[in-house]
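S.K.: Mind looking at a prediction? Sequence and model below.
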Amino acid sequence: MTPARPAHPWDRRLGFWWLAEDHPDAPAVLAGPDGPLTYGELAGRAHQLVHLFRALGARPGRPVAVMADNGNTLIEASLACHESGLHLVPLNTHLTAHELGAILDHSDARILVLGARFTPLLEGLDLADVEVLTIGEVDGWTSLDAARSPHPTSVPEQRRPGGLFVYTSGTTGAPKGIRRPLPEGDVGQLANDAAVFGRAFDFRPFEGPMLVSTGMFHGGSHAYYMGGLNVGHALVIMERFDAEGALAAIERHRIRTGYMVPTQFHRMLQLPDEVRARYDLSSLHSIVHSAAPCPRAVKEQMMQWWGPVIWETYGGVEGAATIAKPHAWLQHPGTVGRAVRGVRLSILDDDGNELPPGEVGHVYVDNGVGFTYHDDPEQTAQAFRGERFTLGDVGYLDDDGYLFIVDRAKDMIITGGTNVYPAEVEGVLLDHPAVRDAGVFGVPDADWGESVAAVVQPAPGYRSGAGLEEELGAHCRARLASYKVPRRWFFADELPRTEAGKLAKRALRDRFVPG
C-alpha cells in the first residue's frame with residue numbers, strides 16, 4: 001500500500017473567506033490605527049458593507065470608490081466588493097478636488113466612501129448621483145458607521161467575485177483607469193486560488209505577521225496585504241511610514257513579511273548606525289519591493305543589513321512581469337528578475353524590432369491576457385505593439401533572461417545626441433551620505449539640446465550651497481562619464497514623491513525650471 005502523502009501547509013483551505021470560517025478567532029489585523037480585528041470580525045464587517053452597498057443600489061459590475069487613510073476601512077471595502085461582484089476604486093489620498101471629480105465622473109462611481117479630512121475636496125463637485133459616506137462624523141454628511149449600523153453582519157446571498165478598478169497616472173497627466181472583466185466562480189474557491197499569489201514570494205501559511213507601511217490605496221500595497229490575509233498573515237498597519245518606527249514595529253511584532261518601496265529602504269539606511277543596531281530584525285523572512293527603481297547600492301546595503309530576505313517584482317496594474325528572488329538578485333545584481341510563468345519579455349527598438357541581449361530598448365510584456373484603459377482607446381493603442389504592451393520603461397535582458405530596467409523612456413535626457421538615464425545619476429547621488437533625496441531631469445540647453453539638472457534634498461547635518469554642490473559634483477565625476485554629471489544644481493527641503501516612491505518629475509521641473 002502506498003503510504004499517505006504528508007499534509008503540506010498549502011493543502012489547507014486557504015483564502016480569506018475559508019480562513020474566516022475555519023479560524024474566526026485568528027487575528028486578521030493585529031495592530032493599526034483602527035485597532036485589531038479577528039478574521040471572523042473582519043468578515044462580518046465586510047458582509048455588513050455588502051448589505052449596505054446593495055441597499056444603496058449597487059449592482060454587480062458597479063464601482064465603489066474609497067478614499068481613506070491607512071486603516072481597516074479599505075480592507076473591509078475591498079473584501080465587500082470582492083464578494084459581491086463590485087469593482088473597488090481605491091483613491092490616492094493626495095488627489096486634488098479636480099482629479100477626484102474627474103475619476104468619479106470617468107469611473108461612474110455612485111458610492112464614495114472617504115475620510116473626514118477629505119470632505120473639503122467635495123466643495124464644488126457635482127455629486128447629485130453620488131452617495132457620500134464619511135469615515136467619521138462630519139456636519140452635513142452621512143457617516144459610514146451610521147449608514148452601516150442597521151445592516152446585518154450575516155453572509156449575503158448571491159455572492160460573486162468582484163475586482164479592482166485602479167487608476168494610474170498617464171503620460172498626458174490624465175489618470176488612466178484599468179477595469180478588468182469580473183471572474184466567474186465560487187467566492188471561497190477563488191480566494192483560495194488567490195492564496196497561490198503568496199507562494200511566488202514564499203508567504204508561508206499562518207507564518208505572519210505582515211507589515212503594512214505604504215499607502216494602502218496603492219495597487220501594489222493592496223495586492224500584498226490582501227495576499228497576506230489570504231494566507232493567514234495578520235496585518236500590522238502603520239498610520240504613516242517612519243523609518244525608526246518601522247524597525248520598532250518589526251521587532252515588537254516579530255514581522256515576517258511585508259511590502260515596501262525603495263524610498264523607505266533609503267530612509268532606513270540613513271538612520272544612525274546606533275539606531276539601526278538597536279532593533280532585532282531576525283524575524284524577517286520575505287519583504288517585497290516594487291513600484292520604483294531601487295538603486296543597486298541601496299539594495300546591496302539592505303541585503304547586507306537584513307540578509308537575503310528582499311524580493312523584487314516588476315510590473316504594474318496593467319500586469320505582472322518579473323520576480324527577482326533574493327539569491328538570484330545577488331547573482332545578478334541590479335536585475336528586476338526573470339519573467340513570471342506565462343509571461344514573455346521583449347526589448348524593442350523605436351521601430352518595433354526585437355533587440356538582442358545586452359542592448360537597451362523599450363521593455364514589452366506579453367502575458368497572454370493584455371488589458372485596456374477604461375474608455376481610452378488612444379492610450380491603450382499607444383501602450384501596445386501587437387499583443388505586447390509596455391509600461392513605459394527602457395531596459396535590457398542579459399543572456400540568462402534577467403531583466404534590467406534603465407529608466408522611464410519619457411524621463412530620458414538627450415544631451416549632445418547622447419542618452420542620459422536620470423535613474424543612474426540619481427543612484428550615484430543617493431550613494432553620497434550628504435544626500436537624503438535626489439531628482440534628475442533634463443533642461444533646455446542652446447548648445448547641447450538638453451543638459452542634466454539635479455535637485456538635492458540634503459541629509460540632516462548637511463547644508464545646501466556652493467560647498468555641497470562642489471562636493472557632489474566631484475562625487476559624480478568620479479563615478480560617471482562627464483556628459484552625465486549635472487551641470488545645474490538646485491536644493492530643496494523635500495522632493496515630491498508618490499506613495500509608490502516615484503519622483504513626481506513634472507512637479508519637479510515646474511518648480512525649478514518653469515516653462
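M.R.: Yes, it's here.

S.K.: Can you pull the phi and psi angles for residue 89?
M.R.: Note on residue 89: its backbone torsions stand at phi -110, psi 100 [degrees, to the nearest 10].

S.K.: That one reaches residue 62, doesn't it?
M.R.: No: the criterion here is Cβ atoms under 8 Å, and residue 89 misses it with residue 62 at 10.3 Å. Where C-beta positions appear, they are placed from N, C-alpha and C, glycine not excepted.

S.K.: Quickly list what's touching both of the two.
M.R.: Common contact partners of residue 89 and residue 62 (Cβ atoms under 8 Å, 6 or more residues apart in numbering): residue 109.

S.K.: Which one's more surrounded, these two?
M.R.: The neighbour comparison of residue 89 against residue 62 (other Cβ atoms under 10 Å) goes to residue 89, with 27 against 21.

S.K.: gap between the nearest residue to residue 495 once chain neighbours are set aside and residue 302?
M.R.: Leaving aside its chain neighbours, residue 495 sits nearest to residue 437 (4.7 Å; criterion: Cβ to Cβ, 6 or more residues apart in numbering). In this structure, residue 437 and residue 302 are 17 Å apart, going by Cβ to Cβ, to the nearest Å.

S.K.: Check residue 360 too.
M.R.: In this view, residue 360 and residue 302 are 26 Å apart by Cβ to Cβ.

S.K.: most centrally placed residue in the protein?
M.R.: A centroid search over the chain (Cα atoms, centre = their mean) returns residue 220, at 3.2 Å, as the residue closest to the centre.

S.K.: SS state for that one?
M.R.: At residue 220 the chain is in helix, as set by DSSP: H, G, I helix; E, B strand; the rest coil.

S.K.: residues touching it, list them.
M.R.: Contacts here follow Cβ under 8 Å, 6+ apart; on that basis residue 220 touches 214, 259, 261, 290-291, 500.

S.K.: Am I right that residue 452 is in a strand?
M.R.: Yes: judged by three-state DSSP, residue 452 forms part of a strand.

S.K.: so what's the residue nearest to it when sequence neighbours are not counted up against?
M.R.: Leaving out its chain neighbours, the residue that sits closest to residue 452 by Cβ to Cβ, 6+ apart is residue 486, at 4.7 Å. By Cβ under 8 Å, 6+ apart, the contact set of residue 486 is 425, 440, 452-454, 472-473, 476.

S.K.: Check residue 144 too.
M.R.: 73, 113, 133-135.

S.K.: can you give me the mean pLDDT across the helix or strand harbouring residue 312?
M.R.: Residue 312 belongs to strand 310-316 when assigned by DSSP states H and E. Strand 310-316 comes out with an average pLDDT of 93.

S.K.: Adjacent strands (with direction) for the next helix or strand after that strand?
M.R.: As assigned by DSSP H and E, the chain's next helix or strand after strand 310-316 is strand 319-324. Applying DSSP bridges, strand 319-324 is found paired with strand 310-316 (antiparallel), strand 338-339 (antiparallel).

S.K.: Now tabulate the ones you listed in JSON lines and tack on distance to residue 29 and mean neighbour count.
M.R.: Supplementary listing: the strands paired with strand 319-324 in JSON lines, determined by distance: least, Cβ to Cβ, whole Å; neighbours: other Cβ atoms under 10 Å:
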{"stretch": "strand 310-316", "distance to residue 29": "23", "mean neighbour count": "22"}
{"stretch": "strand 338-339", "distance to residue 29": "34", "mean neighbour count": "20"}
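
S.K.: so which of those comes closest to residue 391?
M.R.: With Cβ to Cβ as the measure, strand 310-316 is the member of those nearest residue 391 (4.9 Å).

S.K.: Not counting that closest one itself, show me its contacts.
M.R.: With Cβ under 8 Å, 6+ apart as the test, strand 310-316 has contacts from 168, 201-202, 219, 286-290, 294, 299, 302-303, 320-326, 329, 335-337, 365, 391, 403, 405.

S.K.: for the stretch 301-450 of the chain, what spans make up the strands?
M.R.: 310-316, 319-324, 338-339, 344-348, 361-366, 384-385, 388-389, 393-397, 403-408, 413-415, 418-420, 435-445, 449-458 (DSSP state E, counting those that start in this stretch).

S.K.: between the last one and strand 435-445, how many degrees?
M.R.: Think strand 449-458. Angle, strand 449-458 to strand 435-445, by axes from the mean of the first three to the mean of the last three Cα atoms, to 10 degrees: 160 degrees.

S.K.: Now strand 449-458: buried residues?
M.R.: In terms of neighbour count (16 or more other Cβ atoms under 10 Å), strand 449-458 has its buried residues at 450-458.

S.K.: Give the other helices and strands that the helix or strand following it contacts.
M.R.: Downstream of strand 449-458, the next assigned helix or strand under DSSP H and E is helix 466-477. Using 3 or more Cβ pairs under 8 Å, 6 or more residues apart in numbering; DSSP states H and E, the elements in contact with helix 466-477 are helix 422-430, strand 449-458, strand 488-491.

S.K.: How many neighbouring residues does residue 254 have?
M.R.: Residue 254 is flanked by 14 other residues according to other Cβ under 10 Å.

S.K.: Surely residue 244 is in a strand?
M.R.: No: read with three-state DSSP, residue 244 is helix and lies in no strand.

S.K.: Next one, pLDDT for it please.
M.R.: Reported pLDDT for residue 244: 97.

S.K.: What about it, how many residues nearby?
M.R.: Neighbour number of residue 244 under other Cβ under 10 Å is 15.

S.K.: No more questions from me, cheers.
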